[in-house]
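>>> sharing a sequence plus its predicted fold:
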Amino acid sequence: YGNFSCDNSATYLYAYNGNDIVFSTHSGNSFNRKVTINNDGQVLIGTTTTPASTNTKFRLHLPINTSSARAFEISHNTNGANKVGAALGLAIDNGGESTNAASLYFSTASNGSLGERLRITSGGSVNIGSGELTQTARKFNVYGGAARVTQTTGGNTIEVFGGTTSGQSYGLLVNAGTNS
């Protein structure tokens, strides 16, 4: 069981004996758990499964097993209307639960529409831009525009190498040089 209390500085909601604090809705004769704060201080939304580590303080369950969905939306006011400006989502890769593979994607709004701009695939590829966001052949891909690296201190600016045999690396080294 739990209780409410207050003092001059705060209002407290608490549970006794290590019980969870649960926020739920009620339908018919049953409660539907929506948010849980457990005894370890973990916040669970849409699930009762706790994270593997007690160091993880937040777990959100996105109830999809195919396709993709936004997990978080960040909104702002545009001309008095509440509009989505950015989102973070999850895209299930082939097989869903059987392979436990998913990609993380970031979307931003442009001209009134939300579009995906960056994706980190389940295999570790990072894709940035307006196309080829699901490719997995390259580990880093920028599509639809130029990429720039600005070096502010000494050292090599860009190093691209292929091959792993000692003494047999092939690639490209670009050094910023000096301004003189």
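Ah, there it is.

>>> count the neighbours of the nearest residue to Ile37 once chain neighbours are set aside for me.
Of all residues beyond its chain neighbours, the one nearest Ile37 is Ile21 (4.4 Å), with distances taken as C-beta to C-beta, 6 or more residues apart in numbering. Just so you know, the C-beta spots here come from the backbone N, C-alpha and C atoms, and that holds for glycine as well. For Ile21, the count of nearby residues is 14 (other C-beta atoms under 10 Å).

>>> return the residues in contact with Ile21.
Each residue near Ile21 by C-beta atoms under 8 Å, 6 or more residues apart in numbering is listed here: 2, 13-15, 36-37.

>>> out of these, which is most surrounded?
Counting neighbours by other C-beta under 10 Å, the top entry in the contacts of Ile21 is Thr36, with 19 neighbours.

>>> now it: how far from Leu90?
Between Thr36 and Leu90 the distance is 20 Å, computed by C-beta to C-beta, to the nearest Å.

>>> rewinding a little: hmm, which of the contacts of Ile21 is lowest in pLDDT?
Checked by pLDDT, those have Gly2 as the lowest-scoring entry (74).

>>> any idea what that residue is bridged to?
In this structure, Gly2 has beta-bridge partners Ala15, where bridges are defined by DSSP bridges.

>>> Arg33 belongs to a strand?
Yes. Arg33 sits within a strand when classified using DSSP: H, G, I helix; E, B strand; the rest coil.
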